[in-house]
Each structure stands twice: as structure tokens, then as C-alpha cells.
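>>> need a structure here:
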Amino acid sequence: MQRAPAHRDNVGRVREGLETNASRVRRFVLWTLVGLIAAAGLIFCLDFMVFKVRAAAKWNAYGSVTVNHYYAVAQKSGKTQLIFDPPQAQTCIHALFPHAGMLPCWYLTKHPDQRTDL
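All right, here's what the predicted structure looks like:
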């Protein structure tokens, strides 16, 4: 079997073979994904720390949004019966992501109707 010809890089070191464009693209995509996942994890951790500091210092960490909750009951005939509860205030948090089992206020404001399928 024949070896790939040796090439010299910018500094004068000998390299075996050339890196193909496909491997460069693959490496770029891999590092891009790793960077995005790391950035998302960092943003989530910072958001959680800000929430904990706001909650501990009794700053504006919690809010309240009025939501409309209803049940969707599937019937034997194939129809769905909707049973509505009266609107009620739901506690939410002022953060980007859900923490402590509560949804963010920005999400509840955009989605005030909550459906439970039975």
C-alpha cells in the first residue's frame, strides 16, 4: 500500500496527507454543536442563579398570570366534551426557563389557555 505524500505546513513541519474538505466541514459542525450546547447550558445556569438570588433577596422573582383551565374529555362517540374551570391566577417566575416546577411568566402570558386531556 502506498502512503500519501508528505506536505509541509506554514511552519515547515511535515504533515502526512492533506485534510479533506469533508473532514473540515465535519469538524466545524461538531465544534459548532458543542459550542451551542455549552452556551445553552451556561445560559440556563446563569438564569437559575439569577432566579435563586432574586428569590433569596425577596426581589421580584415571582409573578402571577390569570389562566383559563379546561378539561377535554373524549367520549365514546368520538366527540370531545370541554369542561371549563373559572379563570384563576397561577404563580409564575420571572426567568427565561422553567425553574422550581413553575413556568416563566412570559410563557404563561402567551399561552393563558391550559388544556388537560382526560
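
>>> same question for stretch 45-62, mean pLDDT?
Averaging pLDDT along stretch 45-62 yields 90.

>>> where does the chain have low pLDDT?
Across the chain, the ranges flagged by pLDDT under 70 are 1-19.

>>> what about 80?
For the chain, applying pLDDT under 80 flags the ranges 1-22.

>>> Number of residues surrounding residue 102?
The burial count assigned to residue 102 is 17, neighbours taken as other C-beta atoms under 10 Å. C-beta coordinates here come from the backbone N, C-alpha and C atoms, glycine included.

>>> how near is it to residue 30?
36 Å (C-beta to C-beta, to the nearest Å).

>>> just residue 22 next, same as before
12 Å.

>>> Would you map the helices across this protein?
With DSSP state H, the ranges of helices along the chain come out as 21-56, 105-110.

>>> Could you export those to JSON lines, including columns for mean neighbour count and distance to residue 64?
Converted to JSON lines, the helices of the chain look like this (neighbours: other C-beta atoms under 10 Å; distance: least, C-beta to C-beta, whole Å):
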{"stretch": "helix 21-56", "mean neighbour count": "11", "distance to residue 64": "15"}
{"stretch": "helix 105-110", "mean neighbour count": "15", "distance to residue 64": "8"}
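
>>> Take the ones you listed and lay them out in CSV including distance to residue 86.
Output for the helices of the chain, formatted as CSV (distance: least, C-beta to C-beta, whole Å):
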stretch, distance to residue 86
helix 21-56, 29
helix 105-110, 17
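
>>> right, and these - which one's nearest residue 75?
Nearest to residue 75 among the helices of the chain is helix 105-110; the distance by C-beta to C-beta comes to 29.6 Å.

>>> Give me the contacts around the closest one.
63, 65, 67, 90, 92-94, 96, 98 (C-beta atoms under 8 Å, 6 or more residues apart in numbering).

>>> Tell me, how many residues neighbour residue 77?
Residue 77 is flanked by 7 other residues according to other C-beta under 10 Å.
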